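Chemist: Okay, structure incoming, though there's no sequence with it:
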Ligand SMILES: [Zn+2]
Ligand SMILES: [Zn+2]
């Protein structure tokens, strides 16, 4: 819908109209960039036809998943026993497991836990 294709790597919920705070939802949950979150929000609130209306051009990056975010350990105190905390680095979502492993010397179960909690918070 709205021109969304698998290449965008974004999967929208099916019951959008029932979701409150749509804009924040697109931003925080689907990681749409501000521009496209806004476009989609307008299209839905104006009841534009999802099939006819194309707001996502094909082969354009519409999310900011590759953008850097503060390391999840930025609030972790140095007393936690984890290396290099609190962390001042910013990392991409993709690079985060590697960062946690190489910089903070965490083990895989800990890394998984951190990533899980991070997703849950969003
Ligand atoms: Zn959604
Ligand atoms: Zn870090």
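Modeler: All right, it came through fine. Everything numeric here is computed off the predicted structure, so don't read it as measured data. Ligands and ions are numbered 1, 2, ... in the order given.
Chemist: What score does residue 61 have for pLDDT?
Modeler: pLDDT, residue 61: 87.
Chemist: would you say it is within a helix?
Modeler: No - applying DSSP: H, G, I helix; E, B strand; the rest coil, one finds residue 61 to be coil, outside a helix.
Chemist: From ligand 2, how far off is it?
Modeler: 25 Å (C-beta to the ion, to the nearest Å). C-beta: built from backbone N, CA, C; applies to glycine.
Chemist: Neighbours of that residue, how many?
Modeler: When neighbours are defined as other C-beta atoms under 10 Å, residue 61 has 13 of them.
Chemist: how about stretch 84-101: buried residues?
Modeler: By neighbour count on 16 or more other C-beta atoms under 10 Å, the buried set for stretch 84-101 is 85, 87, 91, 93, 96, 97, 99, 100.
Chemist: Mind checking if that stretch is in reach of ligand 2?
Modeler: Yes - Stretch 84-101 lies within reach of ligand 2 by C-beta under 5 Å from the ion, at 87, 89.
Chemist: And the average pLDDT for that stretch is what?
Modeler: On average, stretch 84-101 scores 91.
Chemist: Name the residues that touch that stretch?
Modeler: Defining contact as C-beta atoms under 8 Å, 6 or more residues apart in numbering, one finds that stretch 84-101 is touched by 65-78, 103-104, 106, 108, 110-111, 114-115.
Chemist: Of those, select the buried ones using a PyMOL command.
Modeler: For the buried members of these, the matching PyMOL selection, counting by 16+ other C-beta under 10 Å, is:
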select buried, resi 65+71+72+73+76+103+104+106+111+114
